[in-house]
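Peer 1: Could you look at this predicted model? Sequence included:
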Amino acid sequence: MADARAVWITGVGIVSCLGEGIEAHWEGLSKPSSADTTAFAPYVVHRAVPVDFDKQIPKKGDQRQMEAWQRYGVYAAGLALESAGMKGNADLLAHTDMIVAAGGGERDQNVDISVLAGLRTANDRGAYLNQRLMSDLRPTLFLAQLANLMAGNISIVHGVTGSSRTFMGEEQAGVDATRIAHARITAGQSEIALVGGAYNAERFEVILYYVLAKCLTHDQHTRVWERAAIGGGMELGTLSAFLVLEERQHAVKRGAKPFARLTSIESDCVKRTAGAITGTLERMWSGVAQRVKPENAALLSGATGVEGVTAEERAFLAQHPGLAVRATGTHLGHGLEPQFPANVALAAVALRHGHLFPPADESGVERAMDAPLQQVVVTSIGHRRGEGLALVEAVD
């Protein structure tokens, strides 16, 4: 069945600190990191490049009612549709399914600061808080917190009107959104799907959230595999990535050219006991091991840098020394929901180029790869929960 209904990646749209679009990212992966160490000091954030949203979201009214993460998502979705040669094709978009990985929206920073300042002098803090929340939080702001509004905005702006699903749950949302889209196509329940997500890391409240969880590095940019020496941690990154996944014959019929084939996806959500991550990676690996040819294969890791889950992923990698490894978080930062779709996208772009981008650290985990690239294994180990693994292959 999988061979009969192979899933091709026919469109890629991505926006991050490396730029917008395919070629900007391919070039950026060969350059030093552009992490920002001052805007949210002492914490490191990989900030997105300036984007002219008018190119993909022409109506200013549409842009105004979206938060930043939604604008990035709608923009990257438009890039993916353009890449797949389907932008503006109403008939095709009408049966294009959509699965979005999304968070819960962004807080109004100015309102938060104002409310907190007033609480210091309020006589009745409970009454004061209720009054301010009722008067200061606009209905449109509240609605903007709904995760499925990104899918709605993509539908409105780009005309994608097939079935729609939205997944929440940090990194695992991106894994399962991609997995479900792939499964529906291989099962004959869908012919073409737009799948991906977006995350805006340039927000003080999410910095605070992960600081309190003790998940962030600070003071200077550090490459993923080298963070164990400083106690580990994430560098957040603004990121949006969308893929067009398409059944092979459907793509051939309309003349679409593939970046790569998405062969399989495994996912899990294990209890984080000692050794559990290494074990679940081995279990997922067993599903693709017989197919993978290490001499022409690489592994793109979504490792967060958080210890000890990253140490357990390193233990897994040490058992498979034939694979050339790259941690994309060194370049992109960590974008949670869209991290896995972004890494699948980068795998597809690398396969189209036929070779892997250079190693980015000196830890010994990453090494040069001179052989032609034909297969990429993509991993996702959530900073707190959720695991995934995908196999992406070149199309002959």
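Peer 2: Ah, there it is. Numbering: from 1, shown residues only.

Peer 1: Any idea how many residues pack against P32?
Peer 2: Burial measure for P32: 10 neighbouring residues, criterion other Cβ atoms under 10 Å. Glycine gets a C-beta too; all of them are placed from N, C-alpha and C.

Peer 1: Which secondary structure state does it sit in?
Peer 2: Under DSSP: H, G, I helix; E, B strand; the rest coil, the three-state class of P32 is coil.

Peer 1: what's the spacing between it and L133?
Peer 2: Relative to L133, P32 is positioned 44 Å away (Cβ to Cβ, to the nearest Å).

Peer 1: Same question for D219.
Peer 2: Applying Cβ to Cβ, the value for D219 to L133 is 36 Å.

Peer 1: Test my guess that R71 contacts I57.
Peer 2: Yes - when contacts are counted by Cβ atoms under 8 Å, R71 is listed as touching I57 (6.6 Å).

Peer 1: Name the residues contacting each of these two.
Peer 2: Shared contacts of R71 and I57 (Cβ atoms under 8 Å, 6 or more residues apart in numbering): Q63.

Peer 1: ok, the nearest residue to G335 once chain neighbours are set aside - contacts?
Peer 2: Leaving aside its chain neighbours, G335 sits nearest to L239 (3.0 Å; criterion: Cβ to Cβ, 6 or more residues apart in numbering). With contact set as Cβ under 8 Å, 6+ apart, L239 has these partners: 14-16, 46, 48, 72, 198-199, 201, 332-333, 335, 338-339, 342.

Peer 1: So what's the residue count around I230?
Peer 2: Around I230 there are 14 residues (other Cβ under 10 Å).

Peer 1: Now do the same for the residue of the chain positioned farthest from its centre: helix, strand or coil?
Peer 2: No residue in the chain has its C-alpha farther from the mean C-alpha position than N123, which lies at 45.2 Å (Cα atoms, centre = their mean). When classified by three-state DSSP, N123 comes out as coil.

Peer 1: do you know how far the residue most central in space within the chain is from E282?
Peer 2: In the chain, the centroid-proximal residue (Cα atoms, centre = their mean) is P338; its distance is 1.9 Å. Distance, P338 to E282, using Cβ to Cβ: 26 Å.

Peer 1: again with H334
Peer 2: Per Cβ to Cβ, H334 is found 24 Å from E282.

Peer 1: the more surrounded of these two?
Peer 2: The neighbour comparison of H334 against E282 (other Cβ under 10 Å) goes to H334, with 27 against 14.

Peer 1: State the phi and psi torsions of the residue nearest to G335.
Peer 2: phi -150, psi 140 (degrees, to the nearest 10).

Peer 1: what's the answer for L346, then?
Peer 2: Dihedral angles for L346 - degrees, to the nearest 10 - are phi -70, psi -30.

Peer 1: Contact partners for it?
Peer 2: L346 touches 14, 25, 29, 300, 328, counting by Cβ under 8 Å, 6+ apart.

Peer 1: now the strands: where do they sit in the chain?
Peer 2: Assigned by DSSP state E, the strands in the chain fall at 7-16, 19-20, 45-46, 97-101, 164-167, 192-199, 236-237, 239-247, 260-268, 297-301, 324-327, 375-381, 387-393.

Peer 1: Distance to G308 added to those strands, as JSON lines?
Peer 2: Formatted as JSON lines, those follow (distance: least, Cβ to Cβ, whole Å):
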{"stretch": "strand 7-16", "distance to G308": "27"}
{"stretch": "strand 19-20", "distance to G308": "33"}
{"stretch": "strand 45-46", "distance to G308": "23"}
{"stretch": "strand 97-101", "distance to G308": "25"}
{"stretch": "strand 164-167", "distance to G308": "27"}
{"stretch": "strand 192-199", "distance to G308": "24"}
{"stretch": "strand 236-237", "distance to G308": "20"}
{"stretch": "strand 239-247", "distance to G308": "24"}
{"stretch": "strand 260-268", "distance to G308": "18"}
{"stretch": "strand 297-301", "distance to G308": "15"}
{"stretch": "strand 324-327", "distance to G308": "16"}
{"stretch": "strand 375-381", "distance to G308": "11"}
{"stretch": "strand 387-393", "distance to G308": "14"}
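
Peer 1: Could you say which one of those comes nearest to M150?
Peer 2: Nearest to M150 among the strands of the chain is strand 97-101; the distance by Cβ to Cβ comes to 5.3 Å.

Peer 1: could you check the angle strand 192-199 makes with that closest one?
Peer 2: 20 degrees (axes from the mean of the first three to the mean of the last three Cα atoms, to 10 degrees).

Peer 1: Can you list the strands that strand 97-101 pairs with?
Peer 2: Under the criterion DSSP bridges, strand 97-101 sits next to strand 164-167 (parallel), strand 192-199 (parallel) in its sheet.

Peer 1: what pLDDT does L141 get?
Peer 2: Here the pLDDT value assigned to L141 is 56.

Peer 1: what's the answer for E295, then?
Peer 2: At E295, pLDDT is 95.

Peer 1: measure the closest residue in space to it that isn't next to it in sequence to M134 for me?
Peer 2: Leaving out its chain neighbours, the residue that sits closest to E295 by Cβ to Cβ, 6+ apart is A371, at 5.7 Å. A371 is 63 Å from M134, where distance means Cβ to Cβ.

Peer 1: Comparing those two, which shows the higher neighbour count?
Peer 2: Shown here are A371 and M134; by other Cβ under 10 Å, A371 has more neighbours (14 against 8).

Peer 1: That one touches N296, doesn't it?
Peer 2: Yes - with contact defined as Cβ under 8 Å, A371 counts as touching N296 (5.5 Å).

Peer 1: just to revisit the earlier point, kindly state which of the strands of the chain is positioned closest to A77.
Peer 2: Nearest of those (Cβ to Cβ): strand 239-247, 4.6 Å.

Peer 1: what is the mean pLDDT for the closest one?
Peer 2: 98.

Peer 1: Can I get that strand in PDB, CA atoms only?
Peer 2: Taking C-alpha atoms only, strand 239-247 is exported to PDB below (Å, rounded to 0.1, in the frame of the first residue of the first chain):
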ATOM      1  CA  LEU A 239       9.900  29.700  13.000                       C
ATOM      2  CA  SER A 240       7.200  28.800  10.500                       C
ATOM      3  CA  ALA A 241       7.200  25.900   8.200                       C
ATOM      4  CA  PHE A 242       4.600  24.300   5.900                       C
ATOM      5  CA  LEU A 243       4.800  21.300   3.600                       C
ATOM      6  CA  VAL A 244       2.600  20.200   0.700                       C
ATOM      7  CA  LEU A 245       2.300  16.400   0.900                       C
ATOM      8  CA  GLU A 246       0.800  14.700  -2.100                       C
ATOM      9  CA  GLU A 247       0.000  11.200  -3.400                       C
END
